[in-house]
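Visitor: structure of the sequence below:
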Amino acid sequence: MPKYLLKKWHGYHVIALFSIAVLFNGILTYYQWQLGVLGFACLGGVLFLMIRARIQFEKELSEYISTLTYRVNKAGEEAVTNLPIGILLYNEERHIQWTNPYLSQLMEQDLVGSPISVFSRDLINEVNDEKKLFLAEINAHNYRIFHEPDERLLYFINVTEEQEFKELFEKEKTILAHIYLDNYDEVTQGMEDQVRSKLLTHVTDALNNWSRENDIFVKRTSSDRFIAVFNEETLQDLEENRFTILDEIRENTGKEKVSLTLSIGIGSGQSSLRELGSLAQSSLDLALGRGGDQVAIKEKNGKVRFYGGKSNAMEKRTRVRARVISHAIRDFVVESDKVFVMGHKNPDMDSIGAAIGMLKIAEANGKDGFVVLNPDEVNQSVHKLLEEIEKHDDLWAQFITPEEAREEATDDSLLVVVDTHKPSLVMEPKLVDKMDRTIVIDHHRRGEDFIDDAVLVYMEPYASSTAELVTELLEYQPSQPDLDVLESTALLAGIIVDTKSFAIRTGARTFDAASYLRSNGADTTLVQKLLKEDLEQYVKRSKLVENAYIYSGGMAISKGDPDEPYNQVLIAQAADTLLTMNDVVASFVISELSDGRISISARSLGEVNVQVIMEMLDGGGHLTNAATQLKDSTIEEAEEKLKEKIDEYFKGGQGT
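Guide: Reported below is the predicted structural model:
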């Protein structure tokens, strides 16, 4: 308790005692007036001393308050004058009315009357937005600025060292990477030991030189696997150079008449080494699922960045893997009460053909199978196929709507998703959420968006089509299903459409699958009938081709009529046609769909990775075949975005 308060507290007690003494002395005077007079004389002396003490107390209190006020005012003045914090008052016109000396010394000029933008061009914007806390750079220093809009007051606190430490911490964060030789086993199979050793020496020398130049620790863990540890600053440099090690490995091994490619999975944005390792492995799986020869960088928040992917994926799936997957699918089918199969929205021939193939697997194992399809969302060629299916009552009875599928599905049902792996693109997303067991069969390069918790994933970007994959699975079923002409033809149509009549993405296994279907009655004449187009569609496609122009060295771009919607197949066909023209290395067709979205179909001959360009626009696909769909956009806006991403692609060195 302060001294003056203690005295005041004691004073109250003295007054109380004095009052009691006066009362007692009054009683005494009544009985013995001589003693009472003497008592009052004593009390008078005591009262005099009390008044004197009171006067002294008030004098000391006044001096104390005066001294304290002076010290507080002086401390405030010293703080405002000498404290290393800037203080600024501004008027309604955003001009400076007053600053403390700290700010004047910082700017080395008299600031009164100047606009507050004298500190920073961005400062006036932050003040106008009435932000209460923000950062600004002033004279190569970083300041945290506290803003009191009602008082038109700014406080400037120098946080340069804090920012430097933060940047240093970010730069020194640990990054973990898994490096994998994509096709080492396939390429070196049957090689002599000396040749294999020489080839591996080229790879290890290139990786060692790369690690020395970039301050990376690289350790080989097996014949085709390495682990690398570096920091965030190194990762930024590698991203700026777009991981030239991929090209170096491919070119160096190519000199030996053998082309090896690298895939790198990188985990970042996490302090735990265990979680970094998990992210790195997940990134590697993603890179391999997209065909290899690329880098995938995954952060804790799930965001993924890709680099590379310039070369066409080499076919390296084996019949052993197809047989194992086929038997695994059989086990899941047997354990289920019903099997539901669905592809992507606006299904094509590949999606429908693959779905019919999966129906036959369910039938071969004694289970009821259903294809989930919305008949109102199909293109012309698929509509023709459905007309043929309607003539076969047993097969048509297995086609149900999404609403019927949700009602029929039980806890023991199995869902098979074909020709897509993105939950946002499936025919009925709610069905994915409802089912506990989902199998994914797809031939597209894996994207960031993926169906969670699938019990089995069979993704082969080396395959021509999903119909090809399903055909192989049919071949390896223990109980061979009996395919009729229409079912075999639907699968063959899916392969023919996706390979452009065996012209692109066609491997030896593609012809094997086609041969199997042909031996089961597939009718090539019926395929041609299903793929016929009417004259109106042909004319519309010709107009799209006519509207094309060449942009940025071989990039053909065409726009559809804004007042006329086009279907997805027509847009894709126009892109394919443009690719056959002289001097065209990649084609892009932009048009509005019937639902108001803007679609872009992209094609290339392999020199340009259209998948990367489409992924910049939230799409995806293959190196030579990709697409995207944009919401809340016009055709002109989509065209500008596309040009911007094409420029960004070539500026980043991916097109060289």
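
Visitor: state the next helix or strand along the chain beyond the strand or helix carrying Ile590.
Guide: In this structure, Ile590 sits in strand 586-592 according to DSSP states H and E. Per DSSP H and E, the first helix or strand lying C-terminal to strand 586-592 is strand 598-604.

Visitor: can you show me the CA trace of that next one as PDB?
Guide: Only the C-alpha atoms of strand 598-604 are listed here, as PDB (Å, rounded to 0.1, in the frame of the first residue of the first chain):
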ATOM      1  CA  ILE A 598     -16.700 -23.000 -71.600                       C
ATOM      2  CA  SER A 599     -14.800 -26.000 -72.800                       C
ATOM      3  CA  ILE A 600     -11.300 -26.100 -74.200                       C
ATOM      4  CA  SER A 601     -10.100 -29.300 -76.000                       C
ATOM      5  CA  ALA A 602      -6.300 -29.600 -76.600                       C
ATOM      6  CA  ARG A 603      -4.300 -31.900 -78.800                       C
ATOM      7  CA  SER A 604      -0.700 -32.200 -79.700                       C
END
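
Visitor: number of nearby residues for Glu251?
Guide: Glu251: 12 surrounding residues under other C-beta atoms under 10 Å. The C-beta positions use only the backbone N, C-alpha and C, and glycine is treated the same way.

Visitor: what distance do you get for it to Ile245?
Guide: From Glu251 across to Ile245, the span is 11 Å (C-beta to C-beta, to the nearest Å).

Visitor: before we move on, what about Arg52?
Guide: Distance of Arg52 to Ile245, given as C-beta to C-beta: 95 Å.

Visitor: those two: who's more crowded?
Guide: Counted by other C-beta under 10 Å, Arg52 and Ile245 do not tie: Ile245 has more neighbours, with 23 against 10.

Visitor: could you pull out the helices for the stretch 501-650 of the chain?
Guide: 508-519, 524-530, 535-546, 568-579, 610-615, 635-651 (DSSP state H, counting those that start in this stretch).

Visitor: deepest-packed of the ones you listed, please.
Guide: Burial of the helices of the stretch 501-650 of the chain is given as mean neighbour count (mean count of other C-beta atoms under 10 Å); helix 610-615 ranks first at a mean of 25.

Visitor: pLDDT weak spots in the stretch 201-350 of the chain?
Guide: Counting by pLDDT under 70, the ranges of the stretch 201-350 of the chain that qualify are 289, 291, 302, 309-318.

Visitor: leaving out sequence neighbours, find the closest residue to the residue nearest the centre of the chain.
Guide: Residue closest to the average C-alpha location in the chain (C-alpha atoms, centre = their mean): Lys303, at 3.1 Å. Leaving aside its sequence neighbours, Lys303 sits nearest to Glu448 (C-beta to C-beta, 6 or more residues apart in numbering; 7.8 Å).

Visitor: and the one you found, what's its pLDDT?
Guide: Note on Glu448: pLDDT of 72.

Visitor: can you give me the neighbour number for it?
Guide: 16.

Visitor: look at it and give its secondary structure.
Guide: The three-state label for Glu448, taken from DSSP: H, G, I helix; E, B strand; the rest coil, comes out as coil.

Visitor: pretty sure it sits against Val304.
Guide: Yes: if you go by C-beta atoms under 8 Å, Glu448 and Val304 touch, sitting 4.6 Å apart.

Visitor: okay, and the common contacts of these two?
Guide: Jointly contacting Glu448 and Val304 under the rule C-beta atoms under 8 Å, 6 or more residues apart in numbering are Leu286.

Visitor: who touches Ile179 in this structure?
Guide: By C-beta under 8 Å, 6+ apart, the contact set of Ile179 is Leu207, Val218, Arg225, Phe226, Ile227, Ala228, Leu262, Ser263, Ile264.

Visitor: show me what it is bridged to.
Guide: Phe226, Ile264 (DSSP bridges).

Visitor: relative to Val432, how far out is it?
Guide: Distance, Ile179 to Val432, by C-beta to C-beta: 34 Å.

Visitor: and the contacts of the strand holding Ile590?
Guide: 544, 548, 554-560, 562, 564-566, 570-572, 574-576, 578-579, 598-605, 607-608, 610, 635, 638-639, 642.
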